[in-house]
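Novice: here is a sequence with its predicted model. Questions after.
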Amino acid sequence: MGTLYQEPHDPAAKQDLKVTLQHSTLVFPIQETENKSLFLSNIDQVLNFNVQTVHFFRAHPHFPPEVVKEKLKNALGKVLVPYDFLAGRLKFNQELGRLEINCNAAGAGFVLAKSELSLNEVGDLVYPNPAFGQLTVPSLDILEPNDQPLIILQVTSFKCGGFAMGITSNHATFDGLSFKIFLQNLALQAAANDDNVDSPLPIPPCNDRHLLAARSPPRVTFPHPELLKLKINNPPADPQHDTINPPPVFQEEENLDFKIFSLTSNDLATLKETAKAGDPVCPGVKITGFNVVTAHIWRCKALSSGGHAAENMDRVSTVLYAMDIRQRLKPALPYAYAGNAVLSAYASAQCKELEEGPFYKIVEMVGEGSKRMTDEYARSVIDWGEVYKGFPHGEFMISSWWKLGFADVEYPWGKPRYSCPVVYRRKDIILLFPDIDDGVGSHEGVNVLVALPAKEMEIFQTLFYKFPA
């Protein structure tokens, strides 16, 4: 099942993209915005860390990098009016004991850079090269550590005329869907003829995060084994860079093998047919591409940890995966809710069940985890965060960038050739990425990025290729 993605022939040659930072500045909203404090939900509270994404663009005869830079800079100033919180700063409210955003129009970051390479020389864009981090900056040297922007946009031009748009944003500002909507709005403003006037946004953001506030009083109505309580002694001294405690699933480890497993559209169809061939699944559980891929990965990951000893077979494995709750709530959240509206669904089973049970049962457990996320369950999770404070907790998390659609955003100079996050290798996070749309064949498959100790990787790889029973 699936194939091993081919690594670049000379990966060492691509560790340095020969990027030179040319200029750093701040971009401010083009109109005056209200000075206020923005409430952050309990979901936002635990996501105080940066996410870096890179969007690669081919050369365009009518939009050389010099023109693109000005258009993006002007567009950013426009969107900072409706997205006023992005020009603010994160702060800790001592009285309330929680993070919030000071919407003070202090500005977003904007960086110009240049690479000595062509886009072709950068190599395979799908392969998650750690050097892509050179196409983003985590902070601005021109500012103090406690005055860093919540978003920094870097435009790096390549010698071929192509360029990369690298964005560093604090995860407390956006989840995947709200970030895509932000990109769509940014692209529209970049296409406007008048660089000094903001055009109406196609999808105006909903900035009211009280929609995901805890109930008063909080009511935790479900057990939540997917969450871990943490002891919090002191607030962070620097809320923009000091997390209270890193989530257990975000711990970085060394000495890990790193491989990419590719599943084609035919592989996905085979997984779905295998699941359908079993007994009827639980009512309401759908056999989706995500569910079958998650089930396949879960089985491989659980059985690769600890070997096949009897004590490992009795071990309970828990997989976490993100669920968008916008349509799960009653009433539903606005589609354009600009914040984090994602919670961790989970599935748990003994390794013995995962090894011996039919594939459709594993798919069913994943689907039941999604089905569990009702309005009341989601509200219970949010209230749990109000009472206990803590983070998602499981054996590992599947983080899916598969269908977020960042590469579908249409800019004046066209869609990105590829969009991806800057990847850091972690044992407890398995990432799903889309194929690159190169105009040749189907790009409906998915790439699975796995980092494991060598012995575990050997077992994982063997199981991954094994046809699910």
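Specialist: Arrived safely, thanks for sending.
Novice: only C-alpha atoms from now on, for both contacts and neighbour counts.
Specialist: Will do.
Novice: all strands of the stretch 251-400 of the chain, in order?
Specialist: 257-263, 316-324, 342-350, 390-392, 396-400 (DSSP state E, counting those that start in this stretch).
Novice: which residues touch Y321?
Specialist: Taking C-alpha atoms under 8 Å, 6 or more residues apart in numbering, we find Y321 in contact with S344, A345, Y346, M397, I398, S399.
Novice: wait, I meant P130
Specialist: P130 neighbours (C-alpha under 8 Å, 6+ apart): Q15, V422, V423, Y424.
Novice: could you do V126 as well?
Specialist: Counting by C-alpha under 8 Å, 6+ apart, V126 makes contact with Y418, C420, D435, I436.
Novice: do the same with R299
Specialist: For R299, the contacting residues are C351, L354, E355, I362, by C-alpha under 8 Å, 6+ apart.
Novice: neighbours of the last one, how many?
Specialist: Using other C-alpha atoms under 10 Å, I362 has 25 other residues around it.
Novice: same thing with the third one?
Specialist: Neighbouring residues of E355 were enumerated by other C-alpha under 10 Å; the total is 18.
Novice: in a helix, K71, correct?
Specialist: Yes: under DSSP: H, G, I helix; E, B strand; the rest coil, K71 falls within a helix.
Novice: and the nearest residue to it once chain neighbours are set aside, what element?
Specialist: Spatial nearest neighbour of K71, chain neighbours left out: A190 (5.2 Å); criterion: C-alpha to C-alpha, 6 or more residues apart in numbering. For A190, the host element (DSSP states H and E) is helix 176-191.
Novice: ok, and what's touching that helix?
Specialist: Residues lying outside helix 176-191 but in contact with it, judged by C-alpha under 8 Å, 6+ apart, are 71-72, 74-76, 78-79, 198-199, 201-203, 336-340, 401, 404-406, 409-412.
Novice: next, the angle from the helix or strand containing V68 to helix 176-191.
Specialist: Element membership for V68, per DSSP H and E: helix 65-79. Interaxial angle, helix 65-79 versus helix 176-191 (axes from the mean of the first three to the mean of the last three C-alpha atoms, to 10 degrees): 120 degrees.
Novice: average pLDDT for whatever helix or strand comes next after helix 65-79?
Specialist: Sequence order places strand 89-93 as the next helix or strand after helix 65-79, per DSSP H and E. The average pLDDT for strand 89-93 rounds to 96.
Novice: what strands line up against strand 89-93, and which way round?
Specialist: In the sheet, strand 89-93 lines up against strand 98-103 (antiparallel) (DSSP bridges).
Novice: ok, residues contacting the partner strand?
Specialist: When contacts are defined by C-alpha under 8 Å, 6+ apart, strand 98-103 is touched by residues 34-40, 45, 84-93, 239.
Novice: let's see the ChimeraX selection covering just the buried ones among those.
Specialist: With 16 or more other C-alpha atoms under 10 Å as the criterion, this ChimeraX line picks the buried residues out of the contacts of strand 98-103:
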select :37,38,39,40,45,84,85,86,87,88,89,90,91,92,239
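Novice: can you tell me the SS state at A113?
Specialist: strand.
Novice: if it is in a bridge, with which residues?
Specialist: L21, T156.
Novice: that one: neighbour count?
Specialist: Counted with other C-alpha under 10 Å, the neighbours of A113 add up to 20.
Novice: related to what we said a few turns ago, starting at the chain centroid, how far to the helix holding A190?
Specialist: Distance of helix 176-191 from its chain centroid, counting by C-alpha atoms, centre = their mean, to the nearest Å, is 16 Å.
Novice: tell me the pLDDT at the closest residue to I297 other than its chain neighbours?
Specialist: Leaving aside its sequence neighbours, I297 sits nearest to F464 (C-alpha to C-alpha, 6+ apart; 7.4 Å). What the model reports as pLDDT for F464 is 94.
Novice: can you tell me the SS state at F464?
Specialist: Secondary structure state of F464, per three-state DSSP, is helix.
Novice: just checking, it touches T294?
Specialist: No: using C-alpha atoms under 8 Å, F464 is not in contact with T294, being 11.8 Å away.
Novice: give me the more crowded residue out of the two.
Specialist: It is T294, of F464 and T294, that has more neighbours when counted by other C-alpha under 10 Å, with 23 against 20.
Novice: can I assume the more buried one is in contact with M365?
Specialist: No: using C-alpha under 8 Å, T294 is not in contact with M365; the gap is 10.3 Å.
Novice: re earlier: are any of the contacts of P130 buried, and which?
Specialist: V422, V423.
Novice: pLDDT of stretch 258-273, averaged?
Specialist: In this model, stretch 258-273 has a mean pLDDT of 93.
Novice: could I get the CA-only coordinates of that stretch as PDB?
Specialist: Presented in PDB, the C-alpha positions along stretch 258-273 are these (Å, rounded to 0.1, in the frame of the first residue of the first chain):
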ATOM      1  CA  PHE A 258      12.400  10.800   8.400                       C
ATOM      2  CA  LYS A 259      10.400   9.400   5.500                       C
ATOM      3  CA  ILE A 260       7.500  10.400   3.300                       C
ATOM      4  CA  PHE A 261       5.000   7.800   2.300                       C
ATOM      5  CA  SER A 262       2.800   8.600  -0.700                       C
ATOM      6  CA  LEU A 263      -0.700   7.400  -1.200                       C
ATOM      7  CA  THR A 264      -2.100   7.900  -4.700                       C
ATOM      8  CA  SER A 265      -5.800   8.400  -5.500                       C
ATOM      9  CA  ASN A 266      -5.900   4.700  -6.500                       C
ATOM     10  CA  ASP A 267      -4.400   3.800  -3.000                       C
ATOM     11  CA  LEU A 268      -7.100   5.900  -1.400                       C
ATOM     12  CA  ALA A 269      -9.800   4.100  -3.400                       C
ATOM     13  CA  THR A 270      -8.400   0.700  -2.400                       C
ATOM     14  CA  LEU A 271      -8.400   1.700   1.300                       C
ATOM     15  CA  LYS A 272     -12.100   2.800   1.000                       C
ATOM     16  CA  GLU A 273     -13.100  -0.400  -0.800                       C
END
